[in-house]
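[1] what follows is a predicted protein model with its sequence.
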Amino acid sequence: MLNYLWGFMIVIGIIYAALTGNLPAVTNAALDSAKEAVTLCITMLGVMSFWVGLMRIAENCGIICGAARKMNPLLRFMFPKIPKNHKANEYISANIIANMFGLGWAATPAGLKAMEAMGELNHNSKIASKEMCTFLILNVSSFQLIPVNMIAYRSQYGSANPTAILGPAMIATFCSTLAGIIFAKVMACLPETTANTYNKKGGRL
């Protein structure tokens with residue numbers, strides 16, 4: 001759907017530029033944007049390589065495992081139905097830690113593994129469990145201590161102080177994560193009869 005939407009917008013833009021005599025400006029903008037995209041990718045590659053490397057060092061030194069153990073009270077609160085020593089807890093911890101440092105790309109593999117492990121606990125049902133929905137909400141809200149992506153973007157486009165985003169980003173993501181946690185716990189308290197009834201009728205949630 002998004003491919004059609006973007007394609008439609010591009011075609012409309014080109015047609016409008018041709019009708020108003022601004023087609024050369026569109027061509028120049030396309031070339032400049034392509035150059036900026038390549039430069040931004042190079043900048044992001046360096047920044048992400050640096051932080052992913054630090055995460056790998058922390059993992060090899062046992063820092064990630066130690067942080068995961070410290071997160072056990074939070075995991076028990078958010079995911080009470082996941083067994084204490086289940087592998088899903090390790091994947092969830094790694095995902096949350098990576099997201100806290102703004103490493104969305106590094107968090108993705110752990111997130112997929114966590115969903116796969118929780119799917120096994122859910123007997124591979126086509127209906128997501130409450131734990132799976134809660135984990136998705138935490139990923140969407142994504143509390144961040146260091147928004148690496150935003151810092152890289154600001155640095156690329158000439159910001160005088162790229163790290164000035166740290167404070168506002170922490171406040172904003174803390175509020176979004178808190179709202180997500182409250183919503184997840186409220187939904188977890190609701191009975192499952194509605195979902196079960198809908199599923200028996202052949203519906204899909």
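    Right, received. Where do you want to start? Numbers count the residues shown, from 1 in each chain.

[2] residue boundaries of the helices in the protein?
    Ranges of helices in the chain, per DSSP state H, are 2-20, 23-60, 63-70, 72-78, 87-100, 104-121, 130-141, 148-156, 166-188, 193-200.

[3] got the angle between the second one and helix 87-100?
    Taking axes from the mean of the first three to the mean of the last three Cα atoms, to 10 degrees, one finds that helix 23-60 is oriented at 130 degrees with respect to helix 87-100.

[4] and helix 23-60, what does it pack onto?
    Counting by 3 or more Cβ pairs under 8 Å, 6 or more residues apart in numbering; DSSP states H and E, the packing neighbours recorded for helix 23-60 are helix 2-20, helix 63-70, helix 87-100, helix 104-121, helix 148-156. (Each C-beta comes from the backbone N, C-alpha and C, glycine too.)

[5] and those helices, which is most packed in?
    Taking mean count of other Cβ atoms under 10 Å as the contact definition, the stretch among the helices and strands packed on helix 23-60 with the greatest mean neighbour count is helix 87-100, which reaches a mean of 22.

[6] who does that helix touch, helix- and strand-wise?
    Using 3+ Cβ pairs under 8 Å, 6+ apart as the contact criterion, the neighbours of helix 87-100 among helices and strands are helix 23-60, helix 63-70, helix 72-78, helix 104-121, helix 130-141.
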